[in-house]
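Peer 1: Whatever this is, show me its structure:
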Amino acid sequence: MDEIRNHLIEIEEEISLAFNQNDLDTLLGYFDKEIVGFSSTIHERYNGLTELRRTFEFYYDESGKMEYFTSSPVIQIHECTAIASFYWTVAIIHGASRHEVNGRGTHVFVRKANNQWKIVHEHFSREHHDR
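Peer 2: Next up is the predicted model:
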């Protein structure tokens, strides 16, 4: 179980790195093609990688430079399913101006036939109070 936990935490770290490098292809590789989820900026549900890609492209187009970090991950493992919950921070940078947005996130992973863990659902919400 600790090996799986550590692997999923590594995936979350790799997602942050890919996001921060604007590497959409690597980033989307961690998600199942039938991903369903909610972002913290729009209230509509997105379905599939194409809609998730559009969500990320919107962030990149509207925000200039961004940095994404996660902290305090908790991984729950249930046979071939795992749930990662964590806190996140997105820093939006325009020149010398830096604005940080904090929130909470959840990724639901499923172990696929090829023994790869893919995210099948995510939910992000902004934080409404200080931690």
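Peer 1: quick one: secondary structure of the closest residue to Ser71 other than its chain neighbours?
Peer 2: Leaving aside its chain neighbours, Ser71 sits nearest to Tyr87 (5.0 Å; criterion: Cβ to Cβ, 6 or more residues apart in numbering). C-beta: built from backbone N, CA, C; applies to glycine. Following DSSP: H, G, I helix; E, B strand; the rest coil, Tyr87 is assigned to strand.
Peer 1: do His128 as well
Peer 2: Assignment for His128 (three-state DSSP): coil.
Peer 1: What is the burial count for it?
Peer 2: Using other Cβ atoms under 10 Å, His128 has 8 neighbouring residues.
Peer 1: Return the per-residue confidence for it.
Peer 2: pLDDT for His128: 76.
Peer 1: Quick check: Ile9 vs Asp25, distance?
Peer 2: According to Cβ to Cβ, to the nearest Å, Ile9 and Asp25 sit 22 Å apart.
Peer 1: Who has more neighbours out of the two?
Peer 2: More crowded of Ile9 and Asp25, by other Cβ under 10 Å: Ile9, with 16 against 8.
Peer 1: In terms of helices and strands, where is the more buried one?
Peer 2: Assigned by DSSP states H and E, Ile9 belongs to helix 2-20.
Peer 1: Just the residues contacting that helix, thanks.
Peer 2: 24, 26-27, 30, 56, 66-70, 73, 75, 77, 82, 84, 86, 107, 109, 117 (Cβ atoms under 8 Å, 6 or more residues apart in numbering).
Peer 1: What about those residues, which are in strands?
Peer 2: With DSSP state E as the criterion, strands contain 66-70, 73, 75, 77, 82, 84, 86, 107, 109, 117 from among the contacts of helix 2-20.
Peer 1: right, and the pair among the residues you listed with maximum separation?
Peer 2: The largest separation in the ones in strands among the contacts of helix 2-20, counting by Cβ to Cβ, is between Met66 and Ile77 at 30.5 Å.
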